[in-house]
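Student: Here you go, sequence then predicted model.
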Amino acid sequence: MEELLLKDGRAYFVHKTIRYFRRTGKRNVQHKEMPTISGLVFFQGLPQEIQTYLDRTFPHVHLCRNCSTGKVARIDDRQMRLFMRVNETEPDRIRFLLKPFHYYARNRILLRITTGELAGLEGYIIRIDRDRRLVMDVGGISVAISGVHAEHFEEVNPGGMPNADVNPFYQRNLQEREALIDRYFHPVKDDTEVAAQAENIDYLREYVLAELAGKRMDIRKAWITYAFIIREIGYYYAPYTDRLG
């Protein structure tokens, strides 16, 4: 995919991590640079133009949505450049988190860094592994940046309440696990999108089975999860079924 993106002159970024492994029958440990999160690519440009390009070049690839807003995930250009700079100079400071950004908002104040090379970044200050980190939202994905001990901060929305337009996640009243599942869905409008969405649904089905097999989920939670997936299908397939009907 990256070769074609380079050939087409697309502005993109893939966060990568060095993986160490030992080949069977060999003593030496080898390493290889691989995407930190499989399939995660950041694009620069307008969402509609980017999705048109993806539909033409990679038919089954879709722009992900921010689970907190339900809209295409967007990142401020300056924020993205700061994130990329940290990745280039001190990649060990970056850690991708599994929980959605809204999870870290509980009983915390949204802050903005006002000093240093990271000035302008917004997030929550959280202690992770005995280190003070800034947990920020990068296109709907939670990312923790370490080493923010000396920076100064200001409150982003002093005395205010979350804006419904900024955080309509709560309008749907999704729970944490539901919000994670919701990220795998997008509005289905035509046959091409049906095929792409079907792959995500099959992945979720296998995910639940794997959680059951690993005893990380009991049968009750599995049924609840499947029931929510069915509701999601009805919610996101509505534009397609309305067109057929």
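Tutor: Yep, it's here. Numbering: from 1, shown residues only.

Student: which phi and psi does residue 141 have?
Tutor: Dihedral angles phi and psi of residue 141 (degrees, to the nearest 10) take the values phi -110, psi 140.

Student: for residue 31, that is, sorry about that
Tutor: Residue torsions, per degrees, to the nearest 10, at residue 31 are phi -140, psi 160.

Student: I'd say it and residue 16 touch.
Tutor: No. Counting by C-beta atoms under 8 Å, residue 31 stays clear of residue 16, with 11.6 Å between them. Bear in mind the C-beta positions are built from the backbone N, C-alpha and C, glycine included.

Student: More neighbours: which of those two?
Tutor: residue 16 (14 against 9; other C-beta atoms under 10 Å).

Student: OK, contacts around the closest residue in space to the more buried one that isn't next to it in sequence?
Tutor: Spatial nearest neighbour of residue 16, chain neighbours left out: residue 33 (4.9 Å); criterion: C-beta to C-beta, 6 or more residues apart in numbering. Counting by C-beta atoms under 8 Å, 6 or more residues apart in numbering, residue 33 makes contact with 16, 17, 18, 19.

Student: the helices in the chain, which residues?
Tutor: 2-7, 47-57, 77-89, 169-172, 176-182, 191-213, 219-236, 238-244 (DSSP state H).

Student: Please identify the deepest-packed of the ones you listed.
Tutor: A comparison of the helices of the chain by mean neighbour count, using mean count of other C-beta atoms under 10 Å, puts helix 176-182 on top with a mean of 17.

Student: Remind me what that one packs against, helices and strands.
Tutor: helix 219-236 (3 or more C-beta pairs under 8 Å, 6 or more residues apart in numbering; DSSP states H and E).

Student: Tell me which of the helices of the chain sits nearest to residue 137.
Tutor: helix 77-89 (9.3 Å; C-beta to C-beta).

Student: Please report how far the residue nearest to the spatial centre of the chain lies from residue 81.
Tutor: What sits nearest the mean C-alpha location of the chain, by C-alpha atoms, centre = their mean, is residue 141, with 3.2 Å. To residue 81, residue 141 is 17 Å away according to C-beta to C-beta, to the nearest Å.

Student: Residue 181 versus the spatially closest residue to residue 136 that is not a sequence neighbour, what's the distance?
Tutor: Distance criterion C-beta to C-beta, 6+ apart; nearest residue to residue 136, sequence neighbours excluded, is residue 123 at 3.5 Å. The spacing between residue 123 and residue 181, counted by C-beta to C-beta, is 24 Å.

Student: is it true that the residue nearest to residue 136 touches residue 108?
Tutor: No. In this structure, residue 123 is not within contact of residue 108 by C-beta under 8 Å, at 9.5 Å.

Student: quick one, which of the two is more surrounded?
Tutor: residue 123 (27 against 12).

Student: my read: residue 30 touches residue 22, true?
Tutor: Yes. If you go by C-beta under 8 Å, residue 30 and residue 22 touch, sitting 7.1 Å apart.

Student: Would you mind identifying the helix or strand in the chain with the lowest mean pLDDT?
Tutor: helix 169-172 (a mean of 48; mean pLDDT, DSSP states H and E).
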